[in-house]
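Undergrad: Here is my input, please return the structure:
(chains A and B)
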2 protein chains.
Amino acid sequence: MVEQKLRTNLELIHECDNFPYFHDDPLEYQRHIQTYYHLRVSDEPATLGYLLPSVAQVFKGLESWDLDEDDRVLTLTAGHDVETRSAAVAATTAAMRQVGHFKVLQGWRDELYPVFGKGGKHLFDVERSAACLFGVITYGVHMTAYVRSKEDGKIKIWVPRRATNKQTYPGMLDNTVGGGLASGEQPFEALVRECAEEASIPEDLVRERATAVAGVTYFYIRDHRAGGESGMMQPECQYVYDLELPEDFKLKPSDDEVQEFNLLTVEETQAAMSRAEFKPNCALVLLDFFVRHGILNCENEQDYFEITTRTHRRLEFPMPRPPVTTANGTGLCGR
Amino acid sequence: MVEQKLRTNLELIHECDNFPYFHDDPLEYQRHIQTYYHLRVSDEPATLGYLLPSVAQVFKGLESWDLDEDDRVLTLTAGHDVETRSAAVAATTAAMRQVGHFKVLQGWRDELYPVFGKGGKHLFDVERSAACLFGVITYGVHMTAYVRSKEDGKIKIWVPRRATNKQTYPGMLDNTVGGGLASGEQPFEALVRECAEEASIPEDLVRERATAVAGVTYFYIRDHRAGGESGMMQPECQYVYDLELPEDFKLKPSDDEVQEFNLLTVEETQAAMSRAEFKPNCALVLLDFFVRHGILNCENEQDYFEITTRTHRRLEFPMPRPPVTTANGTGLCGR
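TA: Presented below is the predicted three-dimensional model:
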C-alpha cells in the first residue's frame, strides 16, 4: 500500500478557500483577477461574481446581455426588477442547457438561488447548477451534531458518508446535515427541513436545541470533484449551527443521499480530515467547530489565526441584508 | 437630556476595525495606503507594519535605520538576530521618549511586544507603547466570563468598569479579563495571570474551565481615546477564551485597574454596547461571543456576515507560528 500524504489543517483550508488574496501578492492577484469577466446588472455598480473568459464568450450577442470585452464586464441588461431579470437569466441558462454548452448544467437542479446587490438588494434568481457559471455567492446551512460523554466530557461527532451515486463528491464524508439555501428560504427553516430529510432528526428537537454559532465564508475555485468544468468560481456563505444530542440518540439516513452515519471521536474525525476524506467545505466547517470548542487552539495549531481568518473570509461581492424580526420592533443594539 | 445616537452592531465593528478594505474601493484603498511608510528589516521581504509619514520622518538619518522616501520604506538595518535588532529598536525608542517626540511614549510600559516575519520568524521586540509608532500587529488575550441560569438557561456576563485614572479608555466598560501578550508569553499562561490580577479568579478554576474559543482579529486606526496621537495603526490578534462560572461565584477587582464588576444580562450588555460604553475592541470580542452563542444570528442581525468576517480579519502582516506541543509528537491532523 502506498503511503498517503496527510493534509495539515492549513492545507485543508487551502483546498476550499483557494481563491488568491490581494495582500499575499498584489501584482500576482491583479494578474489573476484580470483574466476574469465581472458580472453586473444594469443600473447597479457592484460586481456580483467573476466569470471565466470561456464562459463569458458564450454570452456574446445574446439577448438580455451585454459583453464588454475591453473592460471585461458581462452585464445583464434585461429589466429593472427581480422577475424580469430572473426570467432573462432562466431563458439563457435553459437554452445553454439544451445545446449542451456546459457540463455543470448537466447537474440541473430546478432550484433557484438568489443573487444580491449593493445594500443587500435582491437582484435576481439563478438556477442552482448555473450559479458557478456566473461566479456569484451561494448560501447554505451546515450543522454539526455531536454528543458529549457524561463520563469524560469528550465530544463525538455524527459524520455521514455521501451516497456513492451522488453527482458531486460521491462517497466522501460530510457534515452531519447540510444543504443549499434556495431563494426566499429562511436559513433555520431550511435546516429544520434538511435535518428531517437527511438525518431523521425530529423537528421539535432541532427547534429546541440547534443553535446558530457561526457564519463560515470562503472563496472556492471548483475542481473536478465538484462535477463539470474546473476553474469556475464559487464563493460561499454558510449559516452554521451546532446541535448537541443525547448520547443515546441515533442518527440514520432518511433519503438515498446519505449512505450511513457514524459517531466518530474527534481524533477519528481529524484523521479522516487529514486523509482528505471529507468534502472540502465540510472540513472547513469542522475546523471552525474545533476552534469554537477549544479542540484546535494556539498550543496545538501553528496556523491558528490563518485558520480563524480564512474560515471567515470577507467576500468582495454584496451579501444579503434580510429584514430582521425582533420582538419589540426596535431590534438589537438600538436598531 | 440630549438623546444619544445609538450604535448599530456594524457601527461598533467599524469603530474598531476601521482600516479600509481593498475590495470596498481599490482606488481609494491604494490612495490611502500610499500615504504610509512600510516597516521592514534587512534581508526580510515582508512589510511588518505601516507608519504615518510624520512618524517615519523622525527616523531620517538615525543609526540602525534606513529611510527610503521614494519607495516609502523604513528599514531596520541593525544586525541579523533578535537580540541585535531589539537592542537597536530599544535605543531608538528610548531616545525618542527622552526628547519627548511622541505623546504615545508618555505611556511607556517597560514591557516588550514581539514582531514576527515571514513564516512566523521572531524578528525583534519593541516596547509596548511604541508598537503603534511602527504599526505592527500586537497580541492579547480576552476572556468573557458568564453564568447560565439554571432556571431559564439565560446567560449573564461579568462586565468590569475600567478605573477612571487609567491611561487609556478611562471609565469605559471592558471584557471580563484581558491583557496584552508580552514577548515569549504563552497566551493561556498570560490569561491565568490576568484572571488572578484583574478579577481574583483562582488559577485552578481558570485551568479547569476556561476554553479557547476564537481568534478575533481587526485593524484599528487609533483615535484620541487610545491616548497619544491619533491616526496610528494598531492591527491586533486576540486569543479569545470563554469561562462559564457557577451562578454563585462573584468576581471582584484585585488591582486598581478595575473599578467594579457587574453581572449584566445580555440585553443590558447590548444596551451598553449601543451607547458606546465599551472599549471598542471589547465590543468586537463581545459581538463574536454573541455570534458563537446564538444570541446574534441572521434572524435578528442584518449585517450578520459583515460582523462574522470583520471580527476575523486576515491581516496583511506576518503572524507567529509558535512550535506546537502535542502529546504524541506528530500533532493534529497528521502533522
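
Undergrad: Pull the contacting residues for residue A:217.
TA: For residue A:217, the contact set (C-beta atoms under 8 Å, 6 or more residues apart in numbering or on different chains) comprises A:235, A:236, A:237, A:238, A:311, A:312, A:313, A:314, A:315, B:305, B:308, B:309. Placement of C-beta: from N, CA and C, glycine included.

Undergrad: part of a strand, is it?
TA: Yes: counting by DSSP: H, G, I helix; E, B strand; the rest coil, residue A:217 falls inside a strand.

Undergrad: Out of the contacts of residue A:217, list just those in strands.
TA: Among those, the members falling in strands (DSSP state E) are A:235, A:236, A:237, A:238.

Undergrad: is any part of stretch A:169-182 close to chain B?
TA: No: figure legend: stretch A:169-182 not in contact with chain B (C-beta under 8 Å from any C-beta of the partner chain); closest approach 10.2 Å.

Undergrad: list the buried ones in that stretch?
TA: Buried positions in stretch A:169-182, judged by neighbour count with 16 or more other C-beta atoms under 10 Å in any protein chain shown: A:169, A:172, A:173, A:174, A:175, A:176, A:177, A:178, A:179, A:180, A:181.

Undergrad: Looking at the residues you listed, which is nearest residue A:276?
TA: Within the buried residues of stretch A:169-182, proximity to residue A:276 (C-beta to C-beta) peaks at residue A:172, which comes in at 8.7 Å.

Undergrad: The closest one: what's its closest spatial neighbour, skipping adjacent residues?
TA: residue A:279 (4.8 Å; C-beta to C-beta, 6 or more residues apart in numbering or on different chains).

Undergrad: okay, now the one you found: neighbour count?
TA: 21 (other C-beta atoms under 10 Å in any protein chain shown).

Undergrad: so how many other residues sit close to residue A:110?
TA: Residue A:110 has 7 neighbouring residues, counting by other C-beta under 10 Å.

Undergrad: all helices for chain A, in order.
TA: Under the criterion DSSP state H, chain A carries helices at the ranges A:9-16, A:26-33, A:53-56, A:82-98, A:131-134, A:187-199, A:203-209, A:266-274, A:280-292, A:304-310.

Undergrad: Serialize these to CSV and add fields for mean neighbour count.
TA: Output for the helices of chain A, formatted as CSV (neighbours: other C-beta atoms under 10 Å in any protein chain shown):
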stretch, mean neighbour count
helix A:9-16, 21
helix A:26-33, 13
helix A:53-56, 18
helix A:82-98, 17
helix A:131-134, 28
helix A:187-199, 20
helix A:203-209, 14
helix A:266-274, 19
helix A:280-292, 25
helix A:304-310, 24
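
Undergrad: hey, least reliable of those helices by pLDDT?
TA: In terms of average pLDDT, helix A:26-33 trails the rest of the helices of chain A, at a mean of 92.

Undergrad: follow-up on the earlier one: any chance of TSV for the helices of chain A, columns distance to chain B?
TA: Shown next, in TSV, are the helices of chain A (distance: least, C-beta to the nearest C-beta, whole Å):
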stretch	distance to chain B
helix A:9-16	5
helix A:26-33	8
helix A:53-56	21
helix A:82-98	19
helix A:131-134	17
helix A:187-199	6
helix A:203-209	11
helix A:266-274	4
helix A:280-292	5
helix A:304-310	4
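
Undergrad: Would you mind giving the ones you listed as JSON lines with distance to residue A:109 added?
TA: What follows is the helices of chain A, written out as JSON lines (distance: least, C-beta to C-beta, whole Å):
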{"stretch": "helix A:9-16", "distance to residue A:109": "21"}
{"stretch": "helix A:26-33", "distance to residue A:109": "29"}
{"stretch": "helix A:53-56", "distance to residue A:109": "18"}
{"stretch": "helix A:82-98", "distance to residue A:109": "11"}
{"stretch": "helix A:131-134", "distance to residue A:109": "10"}
{"stretch": "helix A:187-199", "distance to residue A:109": "15"}
{"stretch": "helix A:203-209", "distance to residue A:109": "24"}
{"stretch": "helix A:266-274", "distance to residue A:109": "28"}
{"stretch": "helix A:280-292", "distance to residue A:109": "17"}
{"stretch": "helix A:304-310", "distance to residue A:109": "28"}
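
Undergrad: Relative to residue A:143, which of those helices is closest?
TA: helix A:187-199 (6.0 Å).

Undergrad: from the middle of its chain, how far away would the closest one be?
TA: What separates the centre of helix A:187-199 from the centre of its chain is 16 Å, taken as C-alpha atoms, centre = their mean, to the nearest Å.

Undergrad: Could you list the residues in contact with it?
TA: A:139, A:141, A:143, A:145, A:158, A:160, A:176-179, A:181-182, A:201-203, A:206-207, A:210, A:212, A:239, A:241, A:243, A:251-255, A:257-258, A:261, B:298-299.

Undergrad: could you give the mean pLDDT of stretch A:135-143?
TA: 98.

Undergrad: Check stretch A:321-329 too.
TA: 61.

Undergrad: now stretch A:58-66
TA: 96.

Undergrad: Pull up the distance across that stretch, start to finish.
TA: For stretch A:58-66, the first-to-last residue distance is 11 Å (C-alpha to C-alpha, to the nearest Å).

Undergrad: how about it: buried residues?
TA: By neighbour count on 16+ other C-beta under 10 Å, the buried set for stretch A:58-66 is A:58, A:59, A:64, A:65.

Undergrad: do stretch A:68-78 as well
TA: Quick answer for stretch A:68-78 (16+ other C-beta under 10 Å): A:72, A:73, A:74, A:75, A:76, A:78.

Undergrad: Show me how far that stretch is from its chain's centre.
TA: Worked out by C-alpha atoms, centre = their mean, stretch A:68-78 lies 26 Å from the chain centre.

Undergrad: For chain A, identify the residue most remote from the centre.
TA: Distance from the centre of chain A peaks at residue A:151, with 35.8 Å (C-alpha atoms, centre = their mean).

Undergrad: Report the separation between that one and residue A:140.
TA: Here residue A:151 is placed at a distance of 35 Å from residue A:140 (C-beta to C-beta, to the nearest Å).

Undergrad: do the same with residue A:175
TA: 10 Å.

Undergrad: domains for chain A, by residue range?
TA: Domain segmentation of chain A under automatic domain parsing yields A:16-134, A:138-310.

Undergrad: Switch those domains over to JSON lines; also include distance to residue A:7.
TA: Shown next, in JSON lines, are the domains of chain A (distance: least, C-beta to C-beta, whole Å):
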{"stretch": "domain A:16-134", "distance to residue A:7": "11"}
{"stretch": "domain A:138-310", "distance to residue A:7": "5"}
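
Undergrad: so who does residue A:241 touch?
TA: Contacts of residue A:241 by C-beta under 8 Å, 6+ apart are A:141, A:142, A:143, A:144, A:188, A:191, A:210, A:211, A:212, A:213.

Undergrad: Show me the two of those that sit farthest apart.
TA: Farthest pair in the contacts of residue A:241, by C-beta to C-beta: A:144 and A:188, 15.4 Å.

Undergrad: In this structure residue A:85 contacts residue A:126, no?
TA: No: with contact defined as C-beta atoms under 8 Å, residue A:85 does not reach residue A:126; the gap is 9.6 Å.

Undergrad: OK, contacts around residue A:157?
TA: Applying C-beta under 8 Å, 6+ apart, the residues near residue A:157 are A:144, A:145, A:146, A:176, A:263, A:264, A:265, A:266, A:269, A:286, A:289.

Undergrad: Can you pull the phi/psi pair for the fourth one?
TA: Residue A:176 adopts backbone torsions of phi -50, psi -50, taken as degrees, to the nearest 10.
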